[in-house]
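need a structure here:
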Amino acid sequence: MGIIKEFKEFALRGNVVDMAVAVIMGAAFNAIVDSAVKDVIMPPLGYVTGGLDFSDKKWPLKEKEVFIDEEGKTKERPAVALSYGKFINAMVHFLIMAFCVFLLVKGINTLRRRIEKAPAPVSPTMKDCPRCYSSINLKATRCPHCTSEIEPAAAS
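Next up is the predicted model:
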């Protein structure tokens, strides 16, 4: 029963729940960025480059091979190719995702700075007595604790 309790503590810890939410949101965000790349960015880029569709671009290393096996049946070996177009799409996808995350973090940091802006410094209203070192009002001319006379504070 101890391992179940340990797992429950681990799974319900704040960081794990936050991370699970982040992964789920990341997957949903990935679908949006994937659609943006495939449906919004790549078509105009293909148009500008003369109808070039990157997802179909590849360098063939070996063509499809048709052969007859020992039993006399016709069989095929699939072609082998480097699909550099898919790699280009993945790089564009990554750059868009990184830029969107950058904008998100930048926005959050801007909001955080606005919220955490330090309040204006408050001018002091108290001072220390030079004789007994008690805190007294800045405008006081006599200490209420030791009754010594105090020079008035300089006007600021």
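
same for the strand or helix carrying residue 67, what does it pack against?
Of the helices and strands defined by DSSP states H and E, residue 67 is found in strand 65-68. The elements that strand 65-68 packs onto, with contact taken as 3 or more Cβ pairs under 8 Å, 6 or more residues apart in numbering; DSSP states H and E, are strand 74-77. (Each C-beta comes from the backbone N, C-alpha and C, glycine too.)

the strand it packs on pairs with which strands?
Partners of strand 74-77 in the sheet, by DSSP bridges, are strand 65-68 (antiparallel).

just the buried residues of the partner strand, please?
Within strand 65-68, no residue is scored as buried using 16 or more other Cβ atoms under 10 Å.

check stretch 87-97 too.
89, 92-93, 96-97.

quick check, nearest of those residues to residue 45?
Each of the buried residues of stretch 87-97 was scored against residue 45 by Cβ to Cβ, and residue 92 proved nearest at 7.9 Å.

next up, the contacts around the spatially closest residue to the closest one that is not a sequence neighbour.
Distances taken as Cβ to Cβ, 6 or more residues apart in numbering place residue 37 nearest to residue 92, at 5.6 Å, with adjacent residues excluded. Contacts for residue 37 were tallied using Cβ atoms under 8 Å, 6 or more residues apart in numbering; they are 89, 92-93, 96.

that older thread, the strand holding residue 67 - what's its average pLDDT?
Predicted confidence along strand 65-68 averages 83 (mean pLDDT).

hmm, who's touching that strand?
Under the contact criterion Cβ under 8 Å, 6+ apart, strand 65-68 has outside partners 74-77.

hmm, back to that, tell me the two of the contacts of residue 37 that are most distant?
Considering Cβ to Cβ, no two members of the contacts of residue 37 lie farther apart than 89 and 96, which are separated by 10.6 Å.

where's residue 110, which helix or strand?
Counting by DSSP H and E, residue 110 is part of helix 84-115.
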